[in-house]
Structures are given as C-alpha cells and as structure tokens.
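Novice: What follows is a protein structure lacking sequence information:
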C-alpha cells in the first residue's frame, strides 16, 4: 500500500481506511509504536488516516478488550495480524466516531477483509463488529 499526499491524490475514506490498514498491519508486524510508525511515513498522512491511527493508539487497551469480549473463541493476540488490524479500525470507529454510520463501518470492514484476508475472516469481522455496534451504539 502506498501512502499518497492528501493534497493531490486522496479521494475517499475508503482509500484512507486502506492506508490506515496498511499502517496498522505494518506497525504490528514490526512491533512498532503506531504513532511513531505513522510519523515515519514518507508523506504526511491525510487527516482521516491520522485520526484513525492516533485514535486506535490512544484507545488500544479498551478496543482490544472489547474485541476480546465479542470474538468468541479468539483473543486479539491469536488473530491473524490483518484481521486484528481490521477489527481495531472498525471498533475504533464504532466506539469513538459516532458521526460515521454503522452501515458504512461494516461495509468498509467487510470489503477490506474480502480484499486482504479470507472469506471466513470477512464473515467473522462482520459478526464481531455488528455485535459490538449493537451494544456500543445502543448505549449512546
């Protein structure tokens, strides 16, 4: 995944999520701090990418706890790195970005899972995020 300058080639939140997914995945695989990894990108990130990464970094303990509570039979440390990154991004948006509709969050998470993971993962991610959304968004 290539990080592009937001002033010229950045078109959508879909692309932002894809870039954020790449950063989450790479930082996880290199065991690096998310914000440090973000700041070491060759070009400055688009605002939505930076929001996703810093939001996930700032709230990682709660996000992982919520995922672990809803991912029956799985814990975040046992998941494939790409699935863990997808879930963290989607759960961050569900909990901390009420301005983003659940339908958009689910659609993007499933689409990205279908592209970068497996069919089983896209179904798993859809179920986990949908159940978290029911509880988290109902509470607000």
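Specialist: Here it is on my side, so go on. Note that the structure is a prediction, hence the values are computed from the model and not measured.
Novice: Tell me the gap between the helix or strand bottoming out on mean pLDDT in the chain and the middle of its chain.
Specialist: For the chain, using mean pLDDT, DSSP states H and E, the weakest element among its helices and strands is helix 34-39, scoring a mean of 91. What separates the centre of helix 34-39 from the centre of its chain is 15 Å, taken as CA atoms, centre = their mean, to the nearest Å.
Novice: Looking at the chain, which helix is longest?
Specialist: helix 119-138 (DSSP state H).
Novice: What lies in contact with it?
Specialist: Under the contact criterion CB atoms under 8 Å, 6 or more residues apart in numbering, helix 119-138 has outside partners 66-67, 70-71, 80, 82-83, 86-87, 90-91, 94-95, 98, 102, 105-106, 109-110, 113-114, 117. Every residue, glycine included, has its C-beta placed from N, CA and C.
Novice: let's go with 7 Å and repeat that
Specialist: 66-67, 70-71, 83, 86-87, 90-91, 94-95, 102, 105-106, 109-110, 113-114 (CB atoms under 7 Å, 6 or more residues apart in numbering).
Novice: out of those residues, which are inside helices?
Specialist: Counting by DSSP H, the contacts of helix 119-138 contribute 66-67, 70, 83, 86-87, 90-91, 94-95, 102, 105-106, 109-110, 113-114 to helices.
Novice: are any of the residues you listed buried, and which?
Specialist: Buried members of the ones in helices among the contacts of helix 119-138, scored by 16 or more other CB atoms under 10 Å, are 66-67, 70, 83, 86-87, 90-91, 94-95, 102, 105-106, 109-110, 113.
Novice: Residue ranges in the chain under the pLDDT threshold?
Specialist: 1-11, 139-140 (pLDDT under 70).
Novice: what residue is smack in the middle of it?
Specialist: Geometric centre of the chain, nearest residue: residue 89, 1.6 Å, by CA atoms, centre = their mean.
Novice: Would you mind measuring from that residue to residue 65?
Specialist: 16 Å (CB to CB, to the nearest Å).
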